[in-house]
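**Student:** Give me the fold of what follows.
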Amino acid sequence: MGEAPISSGEYDSVAVITGADSGIGRATAVKLAEQGFDVGITFHTDQAGAERTAKLVRERGRAAAVRGHDLTHPEPASAVVDELADELGGLGVLVNNAGTGSRTPVLEMDFGTWRSVLAVDLDGPFLCAQRAARRMVDTGRGGRIVNVTSVHEEYPRVGAAPYCAAKGGLRMLTRVLAIELAQYGITANTVAPGEIATPMTGQEDRPPVPGSRPGFPIDRPGDAREVATLIAFLASPASSYVTGASMFVDGGLSLMGPQAASAVTSGDWRTV
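**Tutor:** Model prediction:
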């Protein structure tokens with residue numbers, strides 16, 4: 001008698017990706033479409049970008065649906081998870097990718113900014129994950145939750161207090177999801193990008209330039225497709241024994257903390 005096969009997974013071939021109008025979200029939508037998923041796409045302000053992503057998904061022979069999604073009001077916004085799942089006929093994968101940040105020191109930050117970033121980067125993913133998990137549990141077929149955080153889920157950054165707090169909180173939320181949802185065949189993991197060449201980092205969606213980041217071990221920003229490849233693995237049946245993990249996609253940037261600190265020759269790092 002041969003060995004029992006590793007479970008290939010039977011969850012719905014439908015993925016909802018928040019913030020998929022550009023960057024990592026768009027690259028992930030394309031990658032998952034290539035893996036056979038129909039894709040629900042959300043956007044905040046860039047509807048044209050979201051429709052472009054939907055077109056790329058459909059060009060790969062999969063269905064796509066688009067919804068606006070303002071996570072500064074996370075409770076009503078999270079309803080789009082169910083709306084997209086209903087339209088596409090199921091839900092097997094949720095990728096919480098939408099996010100925002102700040103560039104204000106703690107001493108100058110108003111509470112409204114703090115709460116707005118927390119709403120988008122932590123409250124929203126919690127509510128979307130809760131809705132997705134409830135649907136997955138109800139079907140009895142399991143699924144995948146992938147939360148996109150940042151290297152700042154672990155490492156602080158000047159001027160980014162709410163962002164760092166939210167991403168660190170999302171890492172711990174993901175670990176709780178992992179242990180609570182494992183019994184239902186649902187895995188939960190985080191993907192923590194470093195600097196990726198996307199509009200969110202003030203760059204265009206174009207291939208990064210080698211040698212442009214001499215302080216990084218891999219001396220360039222990352223490409224959104226490099227992050228999407230890891231998300232797609234975690235969304236796939238092949239990742240069935242991976243849960244509660246935080247996976248960094250940062251070109252080795254996080255390895256340079258202590259090393260880089262000893263090489264700093266000015267106090268410029270104290271400014272935003």
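**Student:** CA atoms only: put stretch 148-168 into CSV for me.
**Tutor:** Taking Å, rounded to 0.1, in the frame of the first residue of the first chain, the C-alpha atoms of stretch 148-168 are listed here in CSV:
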residue,chain,number,x,y,z
VAL,A,148,0.0,41.5,3.5
THR,A,149,2.0,43.3,6.2
SER,A,150,5.4,44.8,5.9
VAL,A,151,8.9,44.4,7.3
HIS,A,152,7.5,46.9,9.7
GLU,A,153,5.4,44.2,11.3
GLU,A,154,8.7,43.6,13.2
TYR,A,155,11.0,46.6,12.6
PRO,A,156,10.1,50.2,13.6
ARG,A,157,10.3,53.2,11.3
VAL,A,158,10.4,56.9,12.3
GLY,A,159,7.2,58.6,11.4
ALA,A,160,5.2,55.4,11.0
ALA,A,161,3.8,54.7,14.5
PRO,A,162,0.3,53.7,13.4
TYR,A,163,1.5,51.8,10.4
CYS,A,164,4.0,49.8,12.5
ALA,A,165,1.5,49.2,15.2
ALA,A,166,-1.1,48.0,12.7
LYS,A,167,1.2,45.7,10.9
GLY,A,168,2.6,44.3,14.1
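**Student:** Can you tell me what sits against it?
**Tutor:** 24, 95-97, 99-106, 109, 113-114, 116-118, 120-122, 170-171, 190-194, 227, 231, 246, 248, 250, 253-254, 257, 269-272 (CB atoms under 8 Å, 6 or more residues apart in numbering). For the C-beta atoms, the positions are set from N, CA and C on the backbone; glycine is no exception.
**Student:** Which among those count as buried?
**Tutor:** With neighbours counted by 16 or more other CB atoms under 10 Å, these contain buried members at 24, 95-97, 99-102, 104, 114, 116-118, 120-122, 170-171, 190-194, 227, 231, 246, 248, 250, 253.
**Student:** I'd assumed V146 was in a helix, is it?
**Tutor:** No - read with DSSP: H, G, I helix; E, B strand; the rest coil, V146 is strand and lies in no helix.
**Student:** my read: it touches A178, true?
**Tutor:** No - V146 is beyond contact range of A178, at 11.5 Å (criterion: CB atoms under 8 Å).
**Student:** List the ones among the buried ones among the contacts of stretch 148-168 that fall in strands.
**Tutor:** 95-96, 190-193, 246, 248 (DSSP state E).
**Student:** I'd like the residues you listed written out as JSON lines, with pLDDT and distance to V137 added.
**Tutor:** Converted to JSON lines, these look like this (pLDDT from 0 to 100; distance: CB to CB, whole Å):
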{"residue": "V95", "pLDDT": "98", "distance to V137": "18"}
{"residue": "N96", "pLDDT": "98", "distance to V137": "18"}
{"residue": "T190", "pLDDT": "98", "distance to V137": "21"}
{"residue": "V191", "pLDDT": "98", "distance to V137": "23"}
{"residue": "A192", "pLDDT": "98", "distance to V137": "27"}
{"residue": "P193", "pLDDT": "97", "distance to V137": "29"}
{"residue": "S246", "pLDDT": "98", "distance to V137": "24"}
{"residue": "F248", "pLDDT": "97", "distance to V137": "29"}
